[in-house]
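*Asks:* just need the structure, nothing else, for what follows:
(chains A and B)
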Amino acid sequence: MNSKEKILKRLAGDGMEPRPRPEMDFVPQRFADREQTFVERLEAGGGCAVRMEAGETLDEVIRRLYPEAKSIASTMDEVTSATINPDRVEDPRQLVDVDLGVVRGSFGVAENGAVWIAQEIRHKALYFGATALMIVIPREAIVDTMHEAVVRPEVDDFGYGCFVSGPSKTADIEQALVFGAHGPMSVTVVLR
Amino acid sequence: MSTHSKAAKRFVADAERLAWHDRALYAVREKRDRMMATVPEWEDLRRMASEIKLHTLSRLGDYLCEFERNATANGMQVHWAADAAEMNETVWELIRRHGGRRLVKSKSMLAEECGMTPYLEARGVETVESDLGERIMQLLHMPPSHIVLPAIAVRREEVGALFEREMGTEPGNSDPTYLTHAARRALRPKFLEADVSMTGVNFAVASTGALAVCTNEGNADLGTSFANLHIAIMGIEKVIPDMEALGVFTRLLARSGTGQPVTTYTSLYRRPAPGCEIHVILVDNGRSEWLADEAHRNMLKCLRCGACMNTCPVYRRSGGYSYSYFIPGPLGINLGMLRSPKRYHGNVSACSLCYSCSNVCPAMIDLGEQIYEWRQRLDTLGLADPMKKAAVKGLDFVMGGRRRFYGGIAMGRLAEKLPRAVLENGLNPWSTPGRAMPPFAPRSFNAWWKKEMKR
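*Replies:* The predicted structure follows:
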């Protein structure tokens, strides 16, 4: 008998009565102004939210927020200020410590300020290795809670995906909050 | 005296550290309370989490097979390990076949449980912890003292001295931001040079064959971004039915554990990237037997959030190293007893039965009630403390008769008049340094009652 069979046999003999799958019998919270709640909660977690002005371009937003950025990696056509096309890079290690990565996200979650990114670039290293990360999402694509988020079509078909709710952080030294543990030091979500 | 009380003496001796530890953890508990208050349906969520877990456990074999089917269809490779030894062997075999020498791993309590790191190090695999707290503990050659906050018992000056030695940081600089960024720089090459990455698993979604991994640092995801072999290890209880269930658990996990609305990163691994492999190891190591113990199977609902530790008055004031099992607090007391009552029963007294753990647990595990139940079992298991047994027998005799009872009280009043040195010494188990014996009330309730009734 192999280990799988052994484990399954032990589980079959656990004497536990079958229990039904519970139905969602309550209504999760909703927010009067989802966008506002999203922005507040993202910022509470150390992230930054920017609403694009009418007529503003992504390049202008990048210049406004990250004037110092020299190496900018993006596959987005509208980011003409990009200096690196991350999909043309063979070794993901080359994307580590670029000043800024600009990527597309699918939607935001109001209750926790998270953005769903389904990997659509070649190396996910950019999401975690860039010193600053800018995530662009459609302004109207914000859901109330994780209940709605996890059943969205964008969270149904992907290879790798991640809910990101701010910059990488830690409080492992005396509970003092520090941004930039291993991943990006700053995260900006652009609502356009 | 229990093994916990004995071990706690060292922690308690440093009053300043104890006070800091107590305050720091209670602050996390308060953050959790504030998060809870922002979710009106909090108690519904807890009930839902508990019921989903129980449902899953009642069909665990089916869900594991469903997960295996879907994960395999996604291109992952699934392995089963009956015990710790088999898990370690499977990990080693994968690394060996891959020609790996350098492993970068994110936090996994299962790896601790199985003694995996020493096993791999003995075979020449450099194993680097990438979570900052875990890395601090690894460099200190000490185990974590909390499952979510591994370095909670280490002070910033100690980290400063450690990093000065290990990373050449400025002498005397113990600023957390400075030290964290020094660790970031020091770990960069470890991430980039690793040829194998390992993560734990917070949730394995049966219906989609996806793995959910939650971190704040992003260390798990950075780790899996370079090496083309990713090994994910998980206890069999980590499987959940579907994405709807994931929605429920991700709302509870970080709010309960660290008082955040969600972890910074909640990653879903579904298909390996081109040219990469993901191997998932499903580990039993006792869990299928625990499931058969009706009084304690609830422990398998645990999300490993750590809320029970943060709230526990005994844990906060005695620290993780006072417990003989590698997981401390109410969770560890219970898991230790499931693992081996003989080896770990010294922890069951580390509980005031306040049941605060049961009230904060996001999966509604009756942790406190279970500790009480274990205490009731001690005598049957032949593990009851003979001193306590004798004391209970003696009290039973004294309280069994009216005259003996009032005689006992009179004796107590006399004993109270004895010099303090006679009363407050090691022979009196109720005496503790720094705490005076409470005085007897001037009159017994019975005497008071009789007098009042006459009026």
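*Asks:* got the phi and psi for the residue nearest the centre of chain A?
*Replies:* Nearest residue to the geometric centre of chain A (Cα atoms, centre = their mean): residue A:164, 2.7 Å. Backbone geometry at residue A:164, expressed as degrees, to the nearest 10, gives phi -110, psi 130.
*Asks:* give me the number of residues near the residue lying closest to it once chain neighbours are set aside?
*Replies:* In space, and not counting its chain neighbours, residue A:164 is closest to residue A:115: 5.4 Å by Cβ to Cβ, 6 or more residues apart in numbering or on different chains. C-beta coordinates here come from the backbone N, C-alpha and C atoms, glycine included. Residues within reach of residue A:115, counting by other Cβ atoms under 10 Å in any protein chain shown, total 28.
*Asks:* try residue B:345
*Replies:* 23.
*Asks:* just checking, it is part of a helix?
*Replies:* Yes: counting by DSSP: H, G, I helix; E, B strand; the rest coil, one finds residue B:345 located in a helix.
*Asks:* just to revisit the earlier point, touching, the residue nearest to residue A:164 and residue A:190? I think so.
*Replies:* No: counting by Cβ atoms under 8 Å, residue A:115 stays clear of residue A:190, with 10.1 Å between them.
*Asks:* helices or strands up against the helix or strand where the residue nearest to residue A:164 lies?
*Replies:* Residue A:115 is part of strand A:114-118, with elements assigned from DSSP states H and E. If you count contacts as 3 or more Cβ pairs under 8 Å, 6 or more residues apart in numbering or on different chains; DSSP states H and E, strand A:114-118 packs onto strand A:107-109, strand A:132-137, strand A:160-164.
*Asks:* and those as JSON lines, adding mean pLDDT and distance to residue A:61?
*Replies:* JSON lines is the format used below for those (pLDDT from 0 to 100; distance: least, Cβ to Cβ, whole Å):
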{"stretch": "strand A:107-109", "mean pLDDT": "98", "distance to residue A:61": "17"}
{"stretch": "strand A:132-137", "mean pLDDT": "98", "distance to residue A:61": "8"}
{"stretch": "strand A:160-164", "mean pLDDT": "98", "distance to residue A:61": "18"}
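*Asks:* redo those strands as a markdown table? Include distance to residue B:411.
*Replies:* Listed next are those as a markdown table, based on distance: least, Cβ to Cβ, whole Å:
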| stretch | distance to residue B:411 |
| --- | --- |
| strand A:107-109 | 67 |
| strand A:132-137 | 74 |
| strand A:160-164 | 66 |
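*Asks:* can you give me the strands in the stretch 201-350 of chain B?
*Replies:* Counting by DSSP state E, counting those that start in this stretch, the stretch 201-350 of chain B has strands at residues B:203-205, B:210-215, B:229-235, B:239-240, B:265-269, B:277-283.
*Asks:* quick one: contacts for residue 101?
*Replies:* I'll assume chain A. For residue A:101, the contacting residues are A:72-74, A:86, A:95, A:126-127, A:129-130, A:132-134, A:184, by Cβ atoms under 8 Å, 6 or more residues apart in numbering or on different chains.
*Asks:* that's the wrong chain, I wanted chain B
*Replies:* Counting by Cβ under 8 Å, 6+ apart, the residues that residue B:101 touches are B:124, B:125, B:126, B:195.
*Asks:* from the contacts of residue A:101, list the ones also adjacent to chain B.
*Replies:* The subset of those within reach of chain B, by Cβ under 8 Å from any Cβ of the partner chain, is A:127, A:129, A:184.
*Asks:* quick one: neighbours of the first one, just the number.
*Replies:* Think residue A:127. Residue A:127 has 27 nearby residues by other Cβ under 10 Å.
*Asks:* residues contacting it?
*Replies:* A:101, A:103, A:117, A:119, A:133, A:162, A:164, A:183, B:221.
*Asks:* would you write a PyMOL line that selects the buried entries of those residues?
*Replies:* Of the contacts of residue A:127, the buried ones can be selected in PyMOL as follows, counting by 16 or more other Cβ atoms under 10 Å in any protein chain shown:
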select buried, (chain A and resi 101+103+117+119+133+162+164+183) or (chain B and resi 221)
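*Asks:* out of the contacts of residue A:127, which is nearest to residue A:47?
*Replies:* The nearest member of those to residue A:47, counting by Cβ to Cβ, is residue A:164 at 8.3 Å.
*Asks:* point out where chain A drops to low pLDDT.
*Replies:* Within chain A, no stretch has pLDDT under 70.
*Asks:* backbone phi and psi for whatever residue of chain A ends up closest to chain B, please?
*Replies:* Residue of chain A nearest chain B, by Cβ to the nearest Cβ: residue A:183 (3.1 Å). The phi/psi pair for residue A:183 (degrees, to the nearest 10) reads phi -90, psi -160.
*Asks:* walk me through the domains of chain B.
*Replies:* B:1-38+B:295-383, B:42-285, B:386-454 (automatic domain parsing).
*Asks:* ok, the contacts of residue A:127 vs residue B:154, which is closest?
*Replies:* Nearest to residue B:154 among these is residue A:183, at 23.0 Å by Cβ to Cβ.
*Asks:* tell me the contacts of the closest one?
*Replies:* Neighbours of residue A:183 in contact, by Cβ under 8 Å, 6+ apart: A:127-129, A:133, A:167-168, B:217-219, B:221-222, B:264-265.
*Asks:* just the residues you listed: which are in helices?
*Replies:* Those of these mapping onto helices are A:127, A:128, A:129, B:219, B:221, B:222, per DSSP state H.
*Asks:* can I get those residues in a markdown table with distance to residue B:19?
*Replies:* Shown next, in a markdown table, are the ones in helices among the contacts of residue A:183 (distance: Cβ to Cβ, whole Å):
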| residue | distance to residue B:19 |
| --- | --- |
| A:127 | 41 |
| A:128 | 37 |
| A:129 | 40 |
| B:219 | 31 |
| B:221 | 37 |
| B:222 | 36 |
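*Asks:* tell me which two in the residues you listed are the farthest apart.
*Replies:* A:127 and B:219 (13.1 Å).
*Asks:* so where is the stretch 151-300 of chain B shaky, pLDDT-wise?
*Replies:* Within the stretch 151-300 of chain B, not a single segment meets pLDDT under 70.
*Asks:* can you count the residues close to the residue in it positioned nearest to chain A?
*Replies:* Using Cβ to the nearest Cβ, the closest approach of the stretch 151-300 of chain B to chain A is made by residue B:218 at 3.1 Å. Residue B:218 has 29 neighbours, counted by other Cβ under 10 Å.
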